[in-house]
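**Student:** next come a sequence and a model predicted from it.
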Amino acid sequence: MDPVEALDEIGFWLERSRSSGYRVEAFRTVARTLESRSAKTVRSLVESGRLRDVRGIGERTATVVEQALAGDVPEYLADLREQGEGPLVPGGETVREALRGDLHVHSDWSDGGSPIDVMARTARWLGHEYVALTDHSPRLKVANGLSAHRLAEQLDVVAEVDAGLDDFRLLAGIEVDILEDGTLDQTPRMLGRLDVVVASVHSKLRSDRRTMTRRMLGAIDDPHTNVLGHCTGRLVEGARGTRPPSQFDAKAVFTACAEQGVAVEVNARPERADPPDDLLRLALDLGCLISIDSDAHAPGQLDFLDHGCARVAGLDVPLERIVTTWPVDRLLDWTHARR
């Protein structure tokens, strides 16, 4: 098989299993190194025994390249495929089968680790019909958030990548910060050019209940908002430690979501698992739509949807209420309905 494809697929399986970034980067870096060289040059390096002289190529990555060029599936890749058989967590298979897309995905334009085209091609490989690219907005400087100018440039790239993929839609989107006054951290003109807007709180998460409620209601009232992202901001595990959920009037917030047609996100990242089950049940009781999203920052994390699907299946959420089960035309009719 193609050695670059083999290296990238290894990166996928490692990311999916939440391996260390160092391990993943070793394979993805070699993939990009070889991608910049002709196939003839790579084969010559292998045949002459000089492959391991290339900076960054070690014993394991070299073995992967050599076995791929010999016409075999590299042993390491075969092992990872076997280990990755089946869902990440059981119980959500029926929901996952019904999903058509993902409305919360990041690229290396903000704080993701891979180019836009790699994220899109991986989503298509996984069977998605669409995915929304939702890099961060400018206020989140730590995540290299996109100014209006950079976002406009990204829209051209999104259109180009989308045009090159058959039977798949790459949607233009953003994860926009909800500012302290409840407004959205991007110009209305740019928000109006997007297919999907996920609005999330990323700062002052320990604000008092009244302040946070007012802030979230302001964002929900904005006609550009389609999805309320990771609404409590909690962290339940992971390298960043834990963080308690924000305090807000959940009944008021979810009632507003239901009235405005804003979906409540089930954020499938295992360290978030947001919202908690009690709040998700409340959102459902109040008539909210649901969007199961991966919040992927790397290709392998696109499969984190399994975690969200298992949670939703355990709460008997009607599939019709999950916007990411809708075909793309219906989805876009919904995202543009209030604009």
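**Tutor:** Nice, thanks for sending it over. Residues are numbered from 1 along each chain as shown.
**Student:** so T187 makes contact with A148?
**Tutor:** Yes. The criterion here is C-beta atoms under 8 Å, and T187 meets it with A148 at 5.1 Å. Using the backbone N, CA and C atoms, a C-beta is placed for each residue, glycine as well.
**Student:** can you tell me how far I174 is from H106?
**Tutor:** Taking C-beta to C-beta, to the nearest Å as the measure, I174 and H106 are separated by 10 Å.
**Student:** show me the protein divided up by domain.
**Tutor:** The record's domain parsing of the chain by automatic domain parsing lists 3-83, 93-335.
**Student:** among those domains, which is the most enclosed?
**Tutor:** Burial of the domains of the chain is given as mean neighbour count (mean count of other C-beta atoms under 10 Å); domain 93-335 ranks first at a mean of 20.
**Student:** what about it, distance to the chain center?
**Tutor:** Computed by C-alpha atoms, centre = their mean, to the nearest Å, the chain-centroid distance of domain 93-335 equals 8 Å.
**Student:** now it: average pLDDT?
**Tutor:** For domain 93-335, mean pLDDT is 97.
**Student:** for it, measure first residue to last.
**Tutor:** End-to-end distance for domain 93-335: 26 Å, by C-alpha to C-alpha, to the nearest Å.
**Student:** repeat for stretch 132-144
**Tutor:** Start-to-end span of stretch 132-144 (C-alpha to C-alpha) is 18 Å.
**Student:** for the longest strand anywhere in the chain, name the packing helices and strands.
**Tutor:** The longest strand of the chain (DSSP state E) is strand 169-177. Applying 3 or more C-beta pairs under 8 Å, 6 or more residues apart in numbering; DSSP states H and E, we find strand 169-177 packed against strand 101-105, strand 130-133, helix 148-163, strand 196-200, helix 328-335.
**Student:** in JSON lines: those, plus distance to P244.
**Tutor:** As requested, the helices and strands packed on strand 169-177 are arranged in JSON lines below (distance: least, C-beta to C-beta, whole Å):
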{"stretch": "strand 101-105", "distance to P244": "22"}
{"stretch": "strand 130-133", "distance to P244": "29"}
{"stretch": "helix 148-163", "distance to P244": "32"}
{"stretch": "strand 196-200", "distance to P244": "17"}
{"stretch": "helix 328-335", "distance to P244": "31"}
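**Student:** out of these, which is closest to E66?
**Tutor:** Between E66 and those, the shortest separation by C-beta to C-beta is 31.4 Å, and it involves helix 148-163.
**Student:** just checking, what packs against that closest one?
**Tutor:** The contact analysis (3+ C-beta pairs under 8 Å, 6+ apart) places helix 148-163 against helix 116-125, strand 169-177, helix 188-191.
**Student:** keeping just the C-alphas, turn the shortest one into CSV.
**Tutor:** Listed next in CSV are the C-alpha coordinates belonging to helix 188-191 (Å, rounded to 0.1, in the frame of the first residue of the first chain):
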residue,chain,number,x,y,z
PRO,A,188,-22.3,39.4,11.7
ARG,A,189,-21.3,39.6,8.1
MET,A,190,-18.9,36.7,8.4
LEU,A,191,-21.3,34.7,10.5
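**Student:** residues in contact with it?
**Tutor:** 148, 151-152, 174, 176, 184, 197, 224 (C-beta atoms under 8 Å, 6 or more residues apart in numbering).
**Student:** give me the common contacts of I174 and H106.
**Tutor:** With C-beta under 8 Å, 6+ apart as the test, I174 and H106 both reach 134-136.
**Student:** of those, closest to R214?
**Tutor:** H136 (22.8 Å).
**Student:** got the phi/psi numbers for the residue lying closest to L286 once chain neighbours are set aside?
**Tutor:** In this structure, L286 finds its nearest non-sequential neighbour in F254, 4.6 Å apart by C-beta to C-beta, 6 or more residues apart in numbering. Note on F254: backbone dihedrals following degrees, to the nearest 10 are phi -70, psi -30.
**Student:** can you pull the contacts of F254?
**Tutor:** 264, 279, 282-283, 286, 288.
**Student:** for L69, see how far away it is.
**Tutor:** 55 Å.
**Student:** what of M119?
**Tutor:** Taken as C-beta to C-beta, the span from M119 to L69 is 27 Å.
**Student:** sec struct for V266, please.
**Tutor:** strand (DSSP: H, G, I helix; E, B strand; the rest coil).
**Student:** what is it paired to in the beta sheet?
**Tutor:** I292 (DSSP bridges).
**Student:** how close does the residue nearest to L286 get to R269?
**Tutor:** 21 Å.
**Student:** now swap in D185 and tell me
**Tutor:** From D185 across to R269, the span is 21 Å (C-beta to C-beta).
**Student:** and if you look at A120?
**Tutor:** 20 Å.
**Student:** do R96 as well
**Tutor:** 16 Å.
**Student:** wait, what's in contact with R100?
**Tutor:** The contact partners of R100, taken as C-beta under 8 Å, 6+ apart, are 128-130, 324-328.
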